[in-house]
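1. structure, please.
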Amino acid sequence: MATAATAPAPASAQSSTRRAVRPAPRFALASLTKQNVGTLRRLNGVLFPVNYSDKVYKEVLAEDLEDFCKLAYYNDVAVGTVCCRIEPGQNPGEPARLYIMTMGVLAPYRRQGLASFMLEHVLSSAVSSSPSLLPGEAPTPRAPISSAYLHVQKGNDDAKAFYESQGFVQVGEVEEYYRKVEPRGAWVLEKKLGA
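-> Predicted coordinates:
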């Protein structure tokens with residue numbers, strides 16, 4: 001953990017008084033790997049009232065989801081996660097949609113911009129023409145993604161307000177979305193992407 005640096009007190013203060021100055025927090029996102037998927041599993045266990053199957057943890061490691069499934073770090077400590085999948089258009093010729101399966105930040109690290117940082121990353125990736133590249137790799141065009149959407153558990157007004165502040169709008173409700181948690185209903189929120 002970083003230690004706080006000290007800065008000289010203002011000239012009007014006594015010479016023995018010093019004030020601690022904290023550096024700005026560092027946010028970073030890391031791709032999911034077989035080595036760190038256990039961290040994702042532990043964070044999800046704390047953040048969400050739903051237990052995800054082993055199948056989900058295998059699916060988020062897919063190469064084409066690297067830009068959309070990330071661990072979030074605050075000063076080198078894993079404190080959040082975002083996992084999305086790309087869903088094909090409902091009809092032939094329709095663009096794909098980005099489904100935000102999970103996004104969360106541990107309570108002590110909320111309201112510091114980390115969720116906005118994660119969301120901005122996945123939304124920017126969704127409208128980019130190709131996924132992240134390794135040096136020497138040829139770009140692979142990504143299918144157009146027209147919108148991002150997610151389910152928010154009814155009663156989670158803070159999460160709903162956060163997504164609305166990021167340009168999402170409520171487009172529906174599902175009364176029996178969750179099976180093993182109460183309330184069982186969910187709001188469906190969506191944001192159109194691109195021009």
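
2. could you list the low-pLDDT ranges of this protein?
-> Scanning the chain with the threshold set as pLDDT under 70 gives 1-18, 23, 129-141, 195.

3. longest helix of it, counting residues only.
-> Longest helix in the chain, counting residues (DSSP state H): helix 114-127.

4. tell me the buried residues in that one?
-> Buried residues in helix 114-127, counted by 16 or more other C-beta atoms under 10 Å: 114-115, 117-119, 121-123, 125-126. All C-beta atoms are positioned from the backbone trio N, CA, C, and that covers glycine.

5. residue nearest the centroid of this protein?
-> The structure's the chain has its C-alpha centroid closest to residue 82; by C-alpha atoms, centre = their mean the separation is 3.2 Å.

6. that one touches residue 60, doesn't it?
-> No - in this structure residue 82 lies outside contact range of residue 60 using C-beta atoms under 8 Å: 10.1 Å.

7. okay, and the common contacts of the two?
-> Common neighbours of residue 82 and residue 60 (criterion: C-beta atoms under 8 Å, 6 or more residues apart in numbering): residue 69.

8. picking up where we left off before, who are the packing partners of the longest helix of the chain?
-> strand 27-31, strand 69-74, strand 77-87, strand 96-105, strand 145-153 (3 or more C-beta pairs under 8 Å, 6 or more residues apart in numbering; DSSP states H and E).

9. quick check: buried residues in the shortest one?
-> For strand 27-31, burial by neighbour count (16+ other C-beta under 10 Å) applies to 27, 29.

10. that strand relative to strand 69-74, how many degrees between them?
-> Strand 27-31 and strand 69-74 meet at an angle of 150 degrees, taking axes from the mean of the first three to the mean of the last three C-alpha atoms, to 10 degrees as the criterion.

11. tell me which strands strand 27-31 pairs with, and in which orientation.
-> Looking at strand 27-31 with DSSP bridges, its partner strands are strand 69-74 (antiparallel).

12. the nearest residue to residue 144 once chain neighbours are set aside: neighbour count?
-> Closest residue in space to residue 144, ignoring its immediate chain neighbours: residue 95 at 4.2 Å, by C-beta to C-beta, 6 or more residues apart in numbering. When neighbours are defined as other C-beta atoms under 10 Å, residue 95 has 13 of them.

13. for residue 95, list the residues it contacts.
-> Applying C-beta under 8 Å, 6+ apart, the residues near residue 95 are 89, 143-146.

14. hang on, residue 64 in a helix?
-> Yes - judged by DSSP: H, G, I helix; E, B strand; the rest coil, residue 64 forms part of a helix.

15. for residue 29, state which of the contacts of residue 95 is nearest.
-> residue 145 (18.6 Å; C-beta to C-beta).

16. measure that closest one to residue 98 for me?
-> 5 Å (C-beta to C-beta, to the nearest Å).

17. shared neighbours of the two, anything?
-> Residues touching both residue 145 and residue 98 (C-beta under 8 Å, 6+ apart) are 86, 126, 193.
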